[in-house]
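**Student:** 3D model of this:
(one chain, ligands or ions: 1)
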Amino acid sequence: MNPFVYRNDALHAEDVPLARIAEGVGTPFYCYSSAALTGQYRAFADAFRGTDALICYALKANSNQAVIRTFAQLGAGADVVSEGELRRALAAGVPAGRIVFAGVGKTRAEMAVALDSGIFQFNVESEPELDTLDEVARSKGRRAQVAVRVNPDVDAGTHAKITTGTKENKFGIDIARAPEVYERMRNRAGIQAVGVAVHIGSQLTDLAPYRAAFARVRDLVQRLRADGHPIDRMDVGGGLGIAYGEDPAPAISDYVALVRRAADGLGCRIIAEPGRVMVGNAGVLVTRVIYVKVGAARRFVICDAAMNDLIRPTLYEAYHDIVTVAASAPDAVPSLADVVGPICESGDFLAQGRSMPPVAAGDLLAIKSAGAYGAVMSSSYNSRLLIPEVMVAGGQFAVVRPRPSYEELLGLDRLPPWLNEPGDRAIPSRPAMIGGRKMGAV
Ligand code: LLP
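**Tutor:** Below is the predicted model of the structure:
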């Protein structure tokens, strides 16, 4: 569903005019639609009906606890890649028994926390990691349930920075070596191999690479079982793409049908780790135009959101639709513009050479498909404050992450004692703990 539609020439999020939120919280801000989140989860759950698939929402796409809880209340699990994400999932109400911990560089400390919480599964990406997990689990008298993430050497055909399934990537264990690796795991006290995991990349708009990768995983599951390994889980990762502009994306139902076929007859529990498709089109970034500058060669629409708020356009050459919040006149003549932020870098753009209707200082713009990998990848570069996140449900809206204050931003730093000056005011004085000893006010 598309929750962002014009009514009376004003762009709404569900039943709330975005301009009203802008008045209430200021700009820029992210806005998420609860109905759209719910709709995406249900589409997955419906397509998996009749199987006991576990849909582990990949928190990395958007880890606001309001988003996580929306999914958790519908029965979702979580795919986490750090202690921070694990804590967020638990805090938002995801049961530990539905949490999968992935990632190439889990530390001992992270493994320990995850083992203590009793998570469902570790997706392990290398042999040194297997040995470490075995050791940490044994030291706790626990046995970690493990799926090895295999690298099937399939090119997902996506942007180079988000493809993960080829031999050149740091991810997973070469599928050809997998039987040997499972052999090494046999009879270990701290780990039990229960599954095979795969994830070939993100923003896939073609299902063919999935078909190829899942066929290889299916063969591997059969081979491992023949070797006597009790494999009963198949983790198919995430990566399903969304429509950012006019290029269509596959339907969730088609993707799930493909997954079901790949697992057909194996009797494996399917684990899916969708991220972007769950949240991407459920969010927009709303920004206000500060100036319109007509340069020698181009028109620049300078707005108050920047690359630090949404880095995807400059990092991945990603396309995000940009629309005016007040519908433009039907006879408005569009012309090319660069939509840029105030940051001191030429890479600070949200769109380049984009056909845009006439806009003026003070106008609001909505950058679409910004619910995934938007807020989570933002920073306070140029000492800009992280921007608020708002969630809408029907006619209500709530701030689900407030804009921090400048005091909070500045208060993150500490001056070392040798730089202190009497009467220092610029940095709020708070006692700092150094090495467990209280070190006076800094
Ligand atoms: N599972 C694993 C093991 C992953 O590495 C990822 C994403 C997912 C699941 C979820 O993938 P999704 O369904 O969201 O495609 N920042 C980039 C995307 C990075 C994706 C990293 N891994 C972007 O803005 O496009």
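
**Student:** which stretches of the chain aren't confidently modelled?
**Tutor:** 162, 168, 425-442 (pLDDT under 70).

**Student:** pull the longest helix from it.
**Tutor:** If you go by DSSP state H, the chain has its longest helix at helix 208-226.

**Student:** starting at the chain centroid, how far to that helix?
**Tutor:** The chain centroid and the centroid of helix 208-226 are separated by 26 Å under CA atoms, centre = their mean, to the nearest Å.

**Student:** Buried ones in that helix, by neighbour count?
**Tutor:** By 16 or more other CB atoms under 10 Å, the buried positions in helix 208-226 come out as Pro209, Tyr210, Ala212, Ala213, Phe214, Arg216, Val217, Arg218, Leu220, Val221, Leu224. Glycine gets a C-beta too; all of them are placed from N, C-alpha and C.

**Student:** Which one of the residues you listed is nearest to the ligand?
**Tutor:** Tyr210 (11.7 Å; CB to the nearest ligand atom).

**Student:** Identify all contacting residues around the longest helix of the chain.
**Tutor:** With contacts defined as CB atoms under 8 Å, 6 or more residues apart in numbering, helix 208-226 is touched by 150, 152, 154-157, 165, 175, 178-179, 182, 193, 196, 198, 200-201, 204, 231, 234, 236, 239, 255, 258-259, 262-263, 266, 268.

**Student:** hang on, Leu365 packs against Cys303?
**Tutor:** Yes: taking contacts as CB atoms under 8 Å, Leu365 lies within contact range of Cys303: 6.2 Å.

**Student:** Report the set of residues contacting both of the two.
**Tutor:** Joint contacts of Leu365 and Cys303 (CB under 8 Å, 6+ apart) are Thr287, Arg288, Val289, Val339.

**Student:** Among those residues, which are located in strands?
**Tutor:** Mapping the shared contacts of Leu365 and Cys303 onto strands (DSSP state E) picks out Thr287, Arg288, Val289, Val339.

**Student:** and the helix or strand following the longest helix of the chain, how far from the chain's centre?
**Tutor:** Later in the chain than helix 208-226, the nearest helix or strand by DSSP states H and E is strand 233-235. Centroid displacement of strand 233-235 relative to its chain, using CA atoms, centre = their mean, is 21 Å.

**Student:** And stretch 263-283, by the same measure?
**Tutor:** On CA atoms, centre = their mean, the centre of stretch 263-283 falls 14 Å from the chain's centre.

**Student:** cool, stretch 36-48 as well?
**Tutor:** Worked out by CA atoms, centre = their mean, stretch 36-48 lies 17 Å from the chain centre.

**Student:** list the buried ones in that stretch?
**Tutor:** By neighbour count with 16+ other CB under 10 Å, stretch 36-48 contains the buried residues Ala36, Leu37, Thr38, Gly39, Gln40, Tyr41, Ala43, Phe44, Ala45, Ala47, Phe48.
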